[in-house]
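Visitor: I'll drop the sequence and a predicted model, then ask my questions.
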Amino acid sequence: MATTPRRPTNPKDTAEALFSPRKKEAAPAIERPAIPHTKEMISLRINSDVLAHFQADGPGWQDRMNDALRDAVKRAV
């Protein structure tokens, strides 16, 4: 059975380890409650024909798409 020596075999390595900068631990993420009725920026992959359908009516297509998704969620519940 191998035992570890009482003193390190290389004192220089031990001294360097004592004076080397320590890695700081990341602060824990703080989860804040979501503010109701706010919009969040995301990346979403959709078919080009679906995008063309919503963009065909001009500006405001993102709001129309959001409303359609909201209606779909209400119907699913």
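Guide: Looks like it arrived, so ask away.
Visitor: burial count for Gln55?
Guide: 14 (other CB atoms under 10 Å). From N, CA and C alone the C-beta is placed, and that goes for glycine too.
Visitor: State the distance from Leu69 to Pro21.
Guide: Note on Leu69: its distance to Pro21, by CB to CB, to the nearest Å, is 49 Å.
Visitor: Same drill for those two, tell me which one is more crowded.
Guide: Leu69 (11 against 5).
Visitor: Now name the helix or strand holding that one.
Guide: Assigning secondary structure by DSSP states H and E places Leu69 in helix 61-76.
Visitor: do His53 as well
Guide: Going by DSSP H and E, His53 is in helix 48-55.
Visitor: Now do that helix against helix 61-76, angle only.
Guide: On the basis of axes from the mean of the first three to the mean of the last three CA atoms, to 10 degrees, helix 48-55 is oriented at 110 degrees to helix 61-76.
Visitor: Assign a three-state SS to Glu16, would you?
Guide: Here Glu16 is helix, with the state taken from DSSP: H, G, I helix; E, B strand; the rest coil.
Visitor: Please report the number of neighbouring residues for it.
Guide: Neighbours around Glu16, by other CB under 10 Å: 10.
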